[in-house]
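> Quick one, fold the following:
(one chain, ligands or ions: 2)
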Amino acid sequence: MSKLMVTQKIKLAVKHNGQEQAKINIRGNIIGGERIIVIAGPCSVESEEQLIEVAHIVKAAGAHILRGGAFKPRTLPYSFQGLGEEGLKILAKARDETGMPIITEVMAPEDVELVESYTDILQIGARNMQNFPLLRRVGTAEKPVMLKRGMSATIEEWLGCAEYILNEGNLDVILCERGIRTYETITRNTLDISAVPIIKQISHLPIVVDPSHGTGVRSLVNPMAKASIAAGADGIMVEVHPHPEKALSDGDQSLHPIEFQCLMKELNQLSQAVGRKF
Ligand code: PEP
Ligand code: MN
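Numbers count the residues shown, from 1 in each chain. Ligands and ions are numbered 1, 2, ... in the order given. Model (predicted):
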């Protein structure tokens, strides 16, 4: 049987013989266990009204963790940059109201202390995957880290970045496949579903898939979410907006509430078919 090889210099992010799958406990939600974990919410926190509305919608549909960006990595400086600390406060309020843990992105080492004081998971975005000072800093944080794959990163480079965090002592690292740049332009990115079984074979770290950024196209989110679970992912992260046409970022890939409810029903059936709990 052929074996997938990565450099032997990666020590902590690869699975050693007999090493168990890492299980990361987010306020009682285990990522890396039998159960499929669903992270859902808007691309950006836009207002208290918007976030609280969508938080109740995703919670009622069965989501486990609420997402929402307060510090946004935008392609242009003229685009909505996020509400900053005000957004973090709104996320914390949504957690208080719904009981759902929250995840949000941190973009700079000097913001980690602030973001960590609000969030349950620190998200490192694709554009910052190789921001080594940021990786080192979240490696000393008390909260779990979700490391998104850089859009031009190999799997080995991605694991090297996980190694930076683990090497600082933070062992709670979740990987997130979110698509890579290829010659294909009909989608925003090319979602690398094969990364899921590859990570499962070579690493003990949990992996979730983000089919929203992975495709950039609303109608592709449902099939690619299902493909991710079928391939063995521990969870998915999807963007949901109460009114996608009014979204301040990523409206084209955000699910309408009804679409998210349908997806959750289908994922429930699929998870059982592939031997997972939902
Ligand atoms: C996000 O999830 O909010 C995001 C910006 O995604 P990515 O870093 O994968 O582009
Ligand atoms: Mn987005």
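> ok, so what distance separates R149 from L122?
Separation of R149 from L122 (Cβ to Cβ, to the nearest Å) stands at 16 Å. C-beta here means a position set from N, CA and C on the backbone, and glycine is covered the same way.
> which residues touch whatever residue of the chain ends up closest to ligand 2?
Nearest residue of the chain to ligand 2 (Cβ to the ion) works out as C43 at 3.2 Å. Residues counted as contacts of C43 (Cβ atoms under 8 Å, 6 or more residues apart in numbering) are 68-69, 72, 212, 239, 241, 247-250, 253-254.
> what does the helix ranked longest in the chain contact?
For the chain, the helix that runs over the most residues, judged by DSSP state H, is helix 257-273. Identification of contacts with helix 257-273 by Cβ under 8 Å, 6+ apart yields 36, 38, 40, 54, 57-58, 61-63, 218, 221-222, 225-226, 229-230, 236, 238, 240, 242, 255, 277-278.
> contacting residues for the residue in the stretch 51-200 of the chain positioned nearest to ligand 1?
Of all residues in the stretch 51-200 of the chain, G125 sits closest to ligand 1, at 3.1 Å by Cβ to the nearest ligand atom. Taking Cβ under 8 Å, 6+ apart as the criterion, G125 is in contact with 73, 105, 107, 148.
> would you list the residues you listed in a markdown table and tack on secondary structure?
Listed next are the contacts of G125 as a markdown table, based on DSSP: H, G, I helix; E, B strand; the rest coil:
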| residue | secondary structure |
| --- | --- |
| P73 | coil |
| E105 | strand |
| M107 | coil |
| K148 | strand |
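> In PyMOL, how would I select just the buried ones from those residues?
Selection of the buried residues among the contacts of G125 in PyMOL, burial being defined by 16 or more other Cβ atoms under 10 Å:
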select buried, resi 105+107+148
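> can you tell me which two in the contacts of G125 are farthest apart?
Longest distance between any two of the contacts of G125 is 12.1 Å, between M107 and K148; criterion Cβ to Cβ.
> now the strands for this protein?
Assigned by DSSP state E, the strands in the chain fall at 24-26, 29-31, 37-41, 65-67, 102-105, 121-124, 145-148, 173-177, 207-209, 235-239.
> Could you provide those in JSON lines, with additional columns for mean pLDDT?
Converted to JSON lines, these look like this (pLDDT from 0 to 100):
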{"stretch": "strand 24-26", "mean pLDDT": "98"}
{"stretch": "strand 29-31", "mean pLDDT": "98"}
{"stretch": "strand 37-41", "mean pLDDT": "98"}
{"stretch": "strand 65-67", "mean pLDDT": "98"}
{"stretch": "strand 102-105", "mean pLDDT": "98"}
{"stretch": "strand 121-124", "mean pLDDT": "98"}
{"stretch": "strand 145-148", "mean pLDDT": "99"}
{"stretch": "strand 173-177", "mean pLDDT": "99"}
{"stretch": "strand 207-209", "mean pLDDT": "98"}
{"stretch": "strand 235-239", "mean pLDDT": "98"}
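> can the ones you listed go into CSV with extra columns for distance to R136?
Below are the strands of the chain laid out as CSV (distance: least, Cβ to Cβ, whole Å):
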stretch, distance to R136
strand 24-26, 20
strand 29-31, 23
strand 37-41, 25
strand 65-67, 24
strand 102-105, 17
strand 121-124, 12
strand 145-148, 11
strand 173-177, 13
strand 207-209, 22
strand 235-239, 24
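> contacting residues for T75?
Not one residue lies near T75 by Cβ under 8 Å, 6+ apart.
> Which residues are in contact with G33?
Neighbouring residues of G33 by Cβ under 8 Å, 6+ apart: 23, 234.
> Quick one, grab the pLDDT at it.
The score at G33 is 98. That number is its pLDDT.
> For ligand 1, see how far away it is.
Relative to ligand 1, G33 is positioned 23 Å away (Cβ to the nearest ligand atom, to the nearest Å).
> The closest residue to R95 other than its chain neighbours bridge partners, please.
By the measure of Cβ to Cβ, 6 or more residues apart in numbering, the closest residue to R95 outside its immediate chain neighbours is I102, 5.1 Å from it. In this entry, I102 is beta-bridged to L66, by DSSP bridges.
> Which one, of the strands of the chain, ends up nearest to K3?
In terms of Cβ to Cβ, the element of these nearest to K3 is strand 207-209, at 19.0 Å.
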